[in-house]
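Asker: Fold the following, please.
(2 chains)
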Amino acid sequence: MTTVSDLRIAVICSSNMNRSMEAHAFLAKKGFLVQSYGTGDKVKIPGSAADKPNIYDFGVSYDEIYHDLLNKDKSLYTQNGLLHTLDRNRRIKSHPERFQETDEKFDILITCEERVYDQVVEFMETKTPIENSIVHVINLDIQDNLEEATIGAFLISDMCTKLAQTEDLDNDIEEVLHNFEEKCQRPILHSIVFN
Amino acid sequence: MTSVHVALAQAHKSTDTTQRLHNLKIVEAILLEQKQEVTLNNIESVLLFYTDSENSLQLFVLSFIEKLCSLYVEVACIPALQTLLKFYNTHPSPVLQKRAILTLCSIYKPIFQWISASAKVAAVHRKAWELLCVLRDRIVHLIPSSVPEAVRLSIYKYIQRVILVQTPVSFEVRDRGASQTEDNLNFNVSTLPYDHSLLSRADLVTEANSYVSLLINYLRNPVSATSLIVLTNLLSEIARKRPDYYLPRVLQSLIRLCQAFPAFQPYQLVSLKKQIKVHFMALRSVPLAKDFYSQISAIIESFGGNKAGKPLYLEPGAREKRLREESSERLRPKRTKPATTSGSSAQLLMRLDGLPHHVIVDLLLAHLARLPTSMPASFPQIMTVAQLYTISSATHKTERAFSNGVQTSNLKTHIDLNLKCVQNVEDSSGPAGPARVLEPATGADPKSKHTPFKVKPVPLKNCDKLAAFSRLLDSENDLFLQSGARKIRRALLAKLAQVQQVFEKYKDPAHSDFNDFTVLLRDVLTKDIRKHQTLAVAWLYEEYTSAMHKRRFGDKEIPTALCAGSGFAIEEAPTNSFKVDINTTDLEGAAGQMSRGAPPQYLERYLACYDFIVKIVKGIVNNEHRETLFRRFLLEVPEVSIEAFKAIEEFCNDEYRAKFGFESLYELVLYRPRYRAYSLNTLLAFTIIEKKLIRSLSGQVCVRLCAIDGDIKAKICNFAMKCLRYLEREPPDDVQEERSADDSVEQPSAGDAISTDPSTQESADRPSKRWPLESVQAYSSLFFALCMETPEFLKSLLPVYAQVKSEVQRGFLQAVTPVVLNFHSDAIFQKLFQNAPENSYQLLLFMLEIYTKHEPPSEALVDCIQELYARQKYPADILIPVITKLPKKDILSALPKLVLLREKATLKWMSYLLERRRARHFCDPAD
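Answerer: Numbering: from 1, shown residues only, chains lettered A, B, ... in the order given. Down below sits the predicted model:
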């Protein structure tokens, strides 16, 4: 598939399971160079009760998680859509990835939650820049459920399309984000770090 | 070799950009793997493609330069730098310009390293350095011009790179080994040979320092929110990597920025605050930032603390509330169940997972404060403290924290021992040995994994307690590195000194003086207060917290109250006995009029400690106005005593240390609102003293304060006006009478107005006692200092001028001259002439003359004066200062009145006209 832009984009949420993967799927279909990551210590997904989440390491593949949940309670996880989500995820990539462990370079980092944004900015600040290229960190608050993830992915895709259309991203990003914030009526955070 | 030539030839021949790029990439791959000779022969052929009109090819060349210089710097640097210079001359597009700057940013270090490697400098080194300097200057000078945002950000990054490369790596950073991956181990300007004929370390550092100033300057006047965010990032990185050189300056700039954020969009401000919070949290852990700790902590707190490590799956709406609840829940020490040690530790670890280090330390202190003092602590409580200590140590890797062979395990022993000392005050006659023994609780199953323990106290001798404390003090003295454990230890030391005092007193009410522990602590502080300043501050806080509890609960409740204390927290502010209202202060002996009531009884002990510390610090404070030690004991302690103010007054009265004294007052006014009135009063008292230098310094500080706070400005202006109006009175008896009038003051040529001025006539009839010129200058200096910044303030002078005696008027005329010369435009005159009192004409005329001697009057001013003259509000000599700008017919119409003026005035207007004639503006000779 031909790419619509040279921009290297990463979508980051906490577990690399729902929001970032939904956006990853959406952007990839649109032809963006996109990756997705999580920033948490573990991959946490809802369990049978609020205080009993299913916790996995980032190395565990979506396929393994899928089968684990299938064995635990097929009807529950089918009903809450987790199996469907995992099925989609395993068709995009093999396993959840942790942002702090990747060496890939990006032009735009999109986070789905303020806390994740904080973690990404903090991590990028402590990292020693190698390329010295500019990286834009943008946060768009998306609630962690299936419906909001879909809406969020649509918004992220819209934003990325506008960013890709700019002549010089670094020059025009403020204006694009300002317009986008007004349009989507969601608070946006933007910061600049160096790769 | 052949394939390189073939690929190059194809790249030149091909018309398709993709094909050319493909060929060039083949050439690049071969060149970067071949020997240097091959590279040298072909570099220029590839670099020539920078002239191509295609962006992709130009970007390729820039990327090629970057890779080439990292591998073969000695061969590639000259052609690379020459290409970059030529590239700039082609005025590239912003995208290319940005990429070129970032390329230079990447190759700056290898080229610099190559040039500085050996003391022997060849012509090629010299040429490379020259090219590097030319490029650097060209890039840096691009910023003030209207370059696109992206280019500006790249230039900031480039400047940061230059600063980092040209500043030696701090020892502390090297020891920490935090960022060994970058400049620190590979290259360091401190390894530059001293006899290097081209580069001097001092010059390089000076240059880097000037670039830091440049970045800070841009931070103060940001072009956009993006620029500001990037500048904070870059400066923060500079401060982290070169703390010895730049940390205080950067922190000050960031703190100043936080005090007054520029007006940006709300979302930009939120991003900016988040960014700054991240920087502050990183910088706070740098040992050199300890002087800013309280300010940084306050800012972080105001920005919402650290949110890292919180549970997942929180809805954005509920996040803040949940975080607050969790934070308070975590910080609240839970009542530990008499459960197993492993269970409680595991729970504690779970609760603490992800919390920042300082929170763990605070939690530890809170738990320590809650340890019972009148009865033995339970084992889980001790375990909680020990566990917290272990976690806090592990967080900061304090295993190697102690020099002189003091290990963490020893510290833990010290802490435990001291805790036990504190808890065994009832009986001091027991044998020496371990403070408590653990036994399985009665009825517990000894085979069970989770056996509950009970604690059997074993009392210690008093000498053992002292020995333990002394050992702690000794190791504190030997401590070199800043660490989490050090902070804990400081708090413990302070608490122990204070707690022991309380207990001694509790046992024996007659023994209220300093006891053995305190004497030990005092000795340590006297020996080197600079090194132990944080310990001193911690001690003061403990004393203060104890005093506040004492005030609330009385003596009998002290032990219980201490249990509820929480380390450094101040729960209630005491009544300020030194509060003075500036508005009620009379001028006569302004400083002497301040109420210095006796301090409250419950603060007696605290104030004794504080005064003791102030006495030590006062003796060793140096003359630099940047001295931080004394100011720390003014700004960071819970209460400032009158002794501290006396010390400041001493500094202010001493011309050698006056600047330091006034800076201290300045900071007290700004940062200690409770002492603002008193500090301001002290400062203002110095604005009316006889010593000119001190008066001038205090005036400068007042002007600076006026620029910051409107409320302070109102008070200072009020005081300045009071001083001015004081001159309307008769001089007091203790004022020495002026022996002779000051003839050096230029008498204004008031002409006929003078002879008819009733106030002048009246002042001539007044009693003969006169104000000396020094007193006039003293009482009016603050007013005129304020006028220098705010010329509109001169309006207030006019009514006073009309009322004062002639010698005071002369003093005013002398003082007003520099103010008038400082006017940026003559628009102020129009405001002054409006509603000016009739008797102030002489002053107005004088000011007008001074101004027009140096600056030609504007048309608006000339019109205004003509109008005033036409309305017969002022006599004809008002026209003299602007006569050169009057039309001929107006001069001729005013001539009859002008010739009637007294001789001095006539000569003046004639000389004005002659000057105009010389300037060929006058009418023809027939006129």
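
Asker: Just the element for the residue in chain B positioned nearest to chain A, please.
Answerer: Of all residues in chain B, B:A150 sits closest to chain A, at 3.2 Å by CB to the nearest CB. Where C-beta positions appear, they are placed from N, C-alpha and C, glycine not excepted. Assigned by DSSP states H and E, B:A150 belongs to helix B:149-166.

Asker: elements contacting that helix?
Answerer: Counting by 3 or more CB pairs under 8 Å, 6 or more residues apart in numbering or on different chains; DSSP states H and E, the packing neighbours recorded for helix B:149-166 are strand A:134-140, helix A:169-184, helix B:94-116, helix B:123-140, helix B:201-220, helix B:225-241.

Asker: CA atoms only: put that helix into PDB for me.
Answerer: C-alpha atoms of helix B:149-166 as PDB (Å, rounded to 0.1, in the frame of the first residue of the first chain):
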ATOM      1  CA  GLU B 149       9.200  28.800  13.700                       C
ATOM      2  CA  ALA B 150      10.700  25.400  12.700                       C
ATOM      3  CA  VAL B 151      14.100  27.100  11.800                       C
ATOM      4  CA  ARG B 152      14.100  29.000  15.000                       C
ATOM      5  CA  LEU B 153      13.500  25.800  17.000                       C
ATOM      6  CA  SER B 154      16.400  24.200  15.200                       C
ATOM      7  CA  ILE B 155      18.600  27.100  16.000                       C
ATOM      8  CA  TYR B 156      17.800  26.800  19.600                       C
ATOM      9  CA  LYS B 157      18.700  23.200  19.500                       C
ATOM     10  CA  TYR B 158      22.000  24.000  17.700                       C
ATOM     11  CA  ILE B 159      22.900  26.600  20.400                       C
ATOM     12  CA  GLN B 160      22.200  24.100  23.100                       C
ATOM     13  CA  ARG B 161      24.500  21.700  21.300                       C
ATOM     14  CA  VAL B 162      27.300  24.300  21.200                       C
ATOM     15  CA  ILE B 163      26.800  25.000  24.900                       C
ATOM     16  CA  LEU B 164      27.100  21.400  25.800                       C
ATOM     17  CA  VAL B 165      30.100  20.700  23.700                       C
ATOM     18  CA  GLN B 166      31.900  23.800  24.900                       C
END
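
Asker: what's the average pLDDT for it?
Answerer: Averaged over helix B:149-166, pLDDT sits at 88.

Asker: my guess is B:L142 meets B:I155, correct?
Answerer: Yes: counting by CB atoms under 8 Å, B:L142 touches B:I155, with 6.0 Å between them.

Asker: between these two, who's got more neighbours?
Answerer: For B:L142 versus B:I155, neighbours defined as other CB atoms under 10 Å in any protein chain shown are more numerous around B:I155 (22 against 18).

Asker: That one: what's it in contact with?
Answerer: Contacts for B:I155 (CB atoms under 8 Å, 6 or more residues apart in numbering or on different chains) come out as B:I101, B:I139, B:V140, B:L142, B:I143, B:V147.

Asker: Leaving out the residues flanking it, which one is nearest to the first one?
Answerer: Think B:I101. Of all residues not flanking B:I101 in the chain, B:S154 sits nearest, at 4.1 Å (CB to CB, 6 or more residues apart in numbering or on different chains).

Asker: Can you tell me how far that neighbour is from A:L109?
Answerer: B:S154 is 19 Å from A:L109, where distance means CB to CB, to the nearest Å.

Asker: Which of these two has more residues huddled nearby?
Answerer: B:S154 (30 against 26).

Asker: my read: that one touches B:K98, true?
Answerer: Yes: shown here, B:S154 and B:K98 form a contact pair, counting by CB under 8 Å, at 4.6 Å.

Asker: Now do the shared contacts for those two.
Answerer: Common contacts of B:S154 and B:K98 (CB under 8 Å, 6+ apart): none found.

Asker: rewinding a little: identify, from the contacts of B:I155, the entry nearest to B:S698.
Answerer: Checking the contacts of B:I155 against B:S698 with CB to CB, the nearest one is B:I143 at 38.1 Å.

Asker: Same question for the helix ranked longest in chain A: list its buried residues.
Answerer: Ranked by residue count, the top helix of chain A under DSSP state H comes out as helix A:146-165. In terms of neighbour count (16 or more other CB atoms under 10 Å in any protein chain shown), helix A:146-165 has its buried residues at A:148-150, A:152-153, A:155-157, A:159-160, A:162-164.

Asker: Stretch B:870-887 now?
Answerer: Result for stretch B:870-887 [16+ other CB under 10 Å]: buried residues B:874-886.

Asker: The residue of chain B closest to chain A: how many residues sit nearby?
Answerer: 22.

Asker: do the same with B:F833
Answerer: 21.

Asker: The one 10 residues further on now?
Answerer: The criterion is other CB under 10 Å. On that basis, B:L843 has 24 neighbouring residues.

Asker: ok, now which ones touch it?
Answerer: Here B:L843 is in contact with B:P748, B:L797, B:L798, B:Y801, B:Q809, B:F812, B:L813, B:V816 (criterion: CB under 8 Å, 6+ apart).

Asker: among those residues, which are in strands?
Answerer: If you go by DSSP state E, the contacts of B:L843 have nothing in strands.

Asker: As a markdown table, those residues with neighbour count would be great.
Answerer: A markdown table is the format used below for the contacts of B:L843 (neighbours: other CB atoms under 10 Å in any protein chain shown):
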| residue | neighbour count |
| --- | --- |
| B:P748 | 23 |
| B:L797 | 23 |
| B:L798 | 19 |
| B:Y801 | 26 |
| B:Q809 | 26 |
| B:F812 | 23 |
| B:L813 | 19 |
| B:V816 | 20 |
